[in-house]
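In: Would you be able to build a 3D model of this:
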Amino acid sequence: MTNTVQNKGKNVWFLYFAWLVSVIATMGSLYFSEVKGFIPCDLCWFQRIFMYPLVLILGIGTFQSDISVKKFVLPLSLIGGTISVFHYLEQKALGFGGIRPCVSGVPCSSEYINWLGFITIPFLALTAFTLITISMLVLYSKQSRKK
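Out: As a prediction, this is how the structure comes out:
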């Protein structure tokens with residue numbers, strides 16, 4: 001086995017980890033809405049729009065050992081993470097209380113869960129997007145060092 005194939009095999013673990021995180025995040029969001037009956041707000045829907053495709057993209061990349069999917073994954077995870085930060089600030093920061101991104105249905109400032117006083121659903125989404133982003137950045141840095 002050549003050194004390039006060995007390195008590619010090691011890099012697949014970062015894809016696998018990111019894929020596992022995206023699966024857990026997707027299953028968690030479906031659990032909260034379908035089992036617990038929590039109605040997603042507008043910002044939750046936008047976060048889902050950026051998380052759900054990651055399951056397929058990272059899954060295909062992982063099982064084909066194709067680290068080039070990082071160029072599709074990184075923009076989705078960065079945009080989704082940005083929405084999560086905004087949503088979390090809407091819930092927790094007083095200054096964001098006046099901004100109303102949600103105009104229909106459940107208000108974005110509502111907190112279905114509040115574990116340990118700071119862990120909310122947007123915080124969980126932010127954690128997932130952050131872990132996926134870090135995994136993709138590690139892949140970028142490993143690829144840059146080889147050149």
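In: if I look at the residue nearest in space to the middle of the chain, how far off is residue 50?
Out: Nearest residue to the geometric centre of the chain (Cα atoms, centre = their mean): residue 129, 2.8 Å. From residue 129 over to residue 50 the distance is 8 Å, taken as Cβ to Cβ, to the nearest Å. Where C-beta positions appear, they are placed from N, C-alpha and C, glycine not excepted.
In: rewinding a little: let me know the helix or strand that the residue nearest to the centre of the chain is in.
Out: Residue 129 is located in helix 121-146, with elements delineated by DSSP states H and E.
In: gap between that helix and the chain center?
Out: In terms of Cα atoms, centre = their mean, to the nearest Å, the centre of helix 121-146 is set 9 Å apart from its chain centre.
In: Give the buried residues for it.
Out: Judged by neighbour count using 16 or more other Cβ atoms under 10 Å, the buried positions of helix 121-146 are 121-126, 128-133, 135-136, 138-139.
In: again, but for stretch 35-53
Out: Neighbour-count burial for stretch 35-53 [16+ other Cβ under 10 Å]: 38, 40-44, 46-48, 50-53.
In: Kindly report the same for stretch 11-31.
Out: Buried, per 16+ other Cβ under 10 Å, within stretch 11-31: 11-12, 14-22, 25-26, 29.
In: so of these, which ones are in helices?
Out: Among the buried residues of stretch 11-31, the ones falling in helices (DSSP state H) are 11-12, 14-22, 25-26, 29.
In: For residue 73, see how far away the residue nearest to the residue nearest to the centre of the chain when sequence neighbours are not counted is.
Out: In space, and not counting its chain neighbours, residue 129 is closest to residue 81: 3.5 Å by Cβ to Cβ, 6 or more residues apart in numbering. Separation of residue 81 from residue 73 (Cβ to Cβ) stands at 12 Å.
In: repeat for residue 53
Out: 9 Å.
In: and what of residue 111?
Out: On the measure of Cβ to Cβ, residue 111 and residue 73 end up 29 Å apart.
In: Tell me which of those two has more neighbours.
Out: residue 73 (23 against 12; other Cβ atoms under 10 Å).
In: which SSE is that one in?
Out: helix 70-92.
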